[in-house]
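Q: next come a sequence and a model predicted from it.
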Amino acid sequence: MPTTHNRHRRRSSVALTAIFLLTLVAVSPVSADSTAQTPPFSQDWHDTTLLSVTDDWSSVSGIVGYLGRDITTLTGVDPQTLLADSKVANDVDVIVNIPPDVNIQNGGVGEFELVDAVVALQPDGTADAPYLLLNLRTTGFTNVAVSYLLRDIDYSMDDAVQAVALQYRVGSSGAWTNLPAGFVADATTGPLLADQVTSVNVVLPFGANDQALVQVRIITANAVSRDEWVGVDNIAVTASAIDQPPAVQSTSPVDSSTGVARDANLSVTFDEPVDVSGGWFDISCATSHGHSAVVSGGPLTFDIDPDTDFGYDESCTFTVRAQGVTDQDTADPPNLMAADRVATFQTVAAPPVIDEPPAVQSTSPGDGAVDVARDASLSVTFSEPVDVNPGWFDITCATSHGHTAAVSG
């Protein structure tokens, strides 16, 4: 809401006698930096080099001044009711380098190089409804607040009822929406007075939250009597960041990993502190199936140690379940994750099998045996299953010589 107080300024007698009329003999090229500014954003006018060329706003990020030609052709119109754009092209305007103690008769937007420099608005026959336009980017923000000071800087004999309104819109076209909380019915005093300062601070409506472009304008209009210069100073835009749901920032293994060790631990890192509960994760593999695990860490990074190792060369799915994860902040909603997070991985392949030749593991009788029965059967055990071919064994004795045999097994 606007609040008004008076402050005294030193005034030179020259202010009453040095009256200048600026006559534009040619259309100046216009330039502006309309880049939308992200809160927090502020602008005062202490740096007088920002505006040094007529109608050139290119050094002032996000703010542009306009004449507001033919928004209205009447006098005494409440600026709150003026919701259209200028009807004339190339309407950008600023009269630069206006020295102290000068009463400028032209209207429009002026840059006054006072001890406390300021940009000001004054309507006239050309500048029917001059205004300052702010371009804002509110993506990710809520509670967008616009504040500024309206300063009466006109020491002349003029004593108009100089109303100033605040308006906004989403996007760069269409009708403006008036904000009654920002209306100042008369921002000036007079005659021969310039001591009024009115503070305006307004939170924009909900529709201005989380937008790629919001435009705000501070506008005045032709008064019934001679208009007065109104400074617009200490512009500030603040906002609160919109709370985002918690989200998984990273997992280990990362999604689509390969060659993961069979005894690997898993981990998950969130983008903000969280609490986890219940079956907030699941580990499922193609051959070793489900895995329970011991969880440690938190509230940002949680380590997960599966109770059993994974199998060789198997596909596994690691799922973080949204319903089991809540953020720890108090700005709710949102509180839960927006969706499950899934990461898949492939475990390491089994080591290659080295094929050794078959070997005799044991014989009966064993090598060097004595007192073997004359009718004993012989046996041989191999290290692995084998096939045998004819003549695969031989039995030779000292006196009974060679023996044939029946083979079984």
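A: That came in fine, so what should we check first?
Q: phi, psi for the residue nearest the centre of the chain please.
A: Taking Cα atoms, centre = their mean, the centroid of the chain lies closest to residue 140, which sits 5.8 Å from it. Dihedral pair for residue 140: phi 80, psi 10, per degrees, to the nearest 10.
Q: repeat that for residue 324.
A: Torsion angles, degrees, to the nearest 10, at residue 324: phi -100, psi 10.
Q: check whether it really touches residue 277, as I assumed.
A: Yes - between residue 324 and residue 277 there is a contact under Cβ atoms under 8 Å: 5.4 Å. C-beta here means a position set from N, CA and C on the backbone, and glycine is covered the same way.
Q: higher neighbour count, these two?
A: residue 324 (18 against 9; other Cβ atoms under 10 Å).
Q: doesn't residue 243 make contact with the residue nearest to the centre of the chain?
A: No - checked against Cβ under 8 Å, the pair residue 140 and residue 243 is beyond contact range at 10.0 Å.
Q: beyond the lowest-mean-pLDDT helix or strand in the chain, next helix or strand please.
A: Least confident element among the helices and strands of the chain, by mean pLDDT, DSSP states H and E: strand 19-20 (a mean of 44). Where DSSP states H and E defines the elements, the next helix or strand beyond strand 19-20 is strand 31-33.
Q: what's the pLDDT at residue 90?
A: Listed pLDDT for residue 90 reads 87.
Q: what do you get for the one 3 residues further on?
A: Among the per-residue scores, residue 93 shows a pLDDT of 97.
Q: with residue 44 instead?
A: So, for residue 44, pLDDT stands at 97.
Q: contacting residues around it?
A: 233, 234, 235 (Cβ atoms under 8 Å, 6 or more residues apart in numbering).
Q: out of the residues you listed, who has the most neighbours?
A: Busiest of the contacts of residue 44 [other Cβ under 10 Å] is residue 235, holding 22 neighbours.
Q: wait, is that residue part of a helix?
A: No - counting by DSSP: H, G, I helix; E, B strand; the rest coil, residue 235 is not part of a helix but strand.
Q: now it: how far from residue 389?
A: Applying Cβ to Cβ, to the nearest Å, the value for residue 235 to residue 389 is 101 Å.
Q: how about residue 221?
A: 114 Å.
Q: higher neighbour count, these two?
A: Higher neighbour count among residue 221 and residue 389: residue 221, with 28 against 5, using other Cβ under 10 Å.
Q: ok so, going back, residue contacts, the residue nearest to the centre of the chain?
A: Going by Cβ under 8 Å, 6+ apart, residue 140 touches 210, 241, 242, 244.
Q: enumerate every residue touching the last one.
A: Spelled out, it's residue 244. Going by Cβ under 8 Å, 6+ apart, residue 244 touches 140, 271, 334.
Q: give me the pLDDT value at the second one.
A: Residue-level confidence at residue 271 comes out at 96, pLDDT.
Q: just give the number of residues close to it.
A: 14.
Q: show me the contacts for the nearest residue to it once chain neighbours are set aside.
A: Distances taken as Cβ to Cβ, 6 or more residues apart in numbering place residue 249 nearest to residue 271, at 4.6 Å, with adjacent residues excluded. Contact analysis of residue 249 by Cβ under 8 Å, 6+ apart lists 269, 270, 271.
Q: and what about residue 181, helix, strand or coil?
A: Residue 181 is classified as helix under three-state DSSP.
Q: next, count neighbours for it.
A: There are 13 residues near residue 181, going by other Cβ under 10 Å.
Q: you'd agree it is up against residue 202?
A: Yes - counting by Cβ under 8 Å, residue 202 is a contact partner of residue 181 at 4.7 Å.
Q: re earlier: quick check, nearest of the contacts of residue 249 to residue 301?
A: Residue 301 lies nearest to residue 269 out of these, by Cβ to Cβ, at 4.5 Å.
Q: isn't that closest one up against residue 301?
A: Yes - using Cβ under 8 Å, residue 269 is in contact with residue 301, at 4.5 Å.
Q: tell me which residues in the helix or strand hosting residue 342 are buried?
A: Residue 342 is part of strand 341-347, with elements assigned from DSSP H and E. Using 16 or more other Cβ atoms under 10 Å as the test for burial, strand 341-347 gives 341, 343, 345, 346, 347.
Q: out of the residues you listed, which comes closest to residue 407?
A: When the buried residues of strand 341-347 are compared against residue 407 (criterion: Cβ to Cβ), the nearest one is residue 347, at 45.2 Å.
Q: tell me who's in contact with that closest one.
A: If you count contacts by Cβ under 8 Å, 6+ apart, then residue 347 has 259, 260, 261, 262, 285, 310, 311, 312, 313, 314, 316 around it.
Q: separation between it and residue 289?
A: 13 Å.
Q: what's the answer for residue 111, then?
A: From residue 111 to residue 289 the distance is 75 Å (Cβ to Cβ).
Q: which of these two has more neighbours?
A: Per other Cβ under 10 Å, whichever of residue 111 and residue 289 has more neighbours is residue 111, with 21 against 12.
Q: check what pLDDT the residue nearest to residue 271 gets.
A: At residue 249, pLDDT is 98.
Q: try residue 83
A: pLDDT for residue 83: 98.
Q: go ahead and confirm it touches residue 178.
A: Yes - using Cβ under 8 Å, residue 83 makes contact with residue 178 at a distance of 6.7 Å.
Q: the more surrounded of the two?
A: More crowded of residue 83 and residue 178, by other Cβ under 10 Å: residue 178, with 19 against 16.
Q: show me what the more buried one bridges to in the sheet.
A: Going by DSSP bridges, residue 178 is paired in beta bridges with residue 167.
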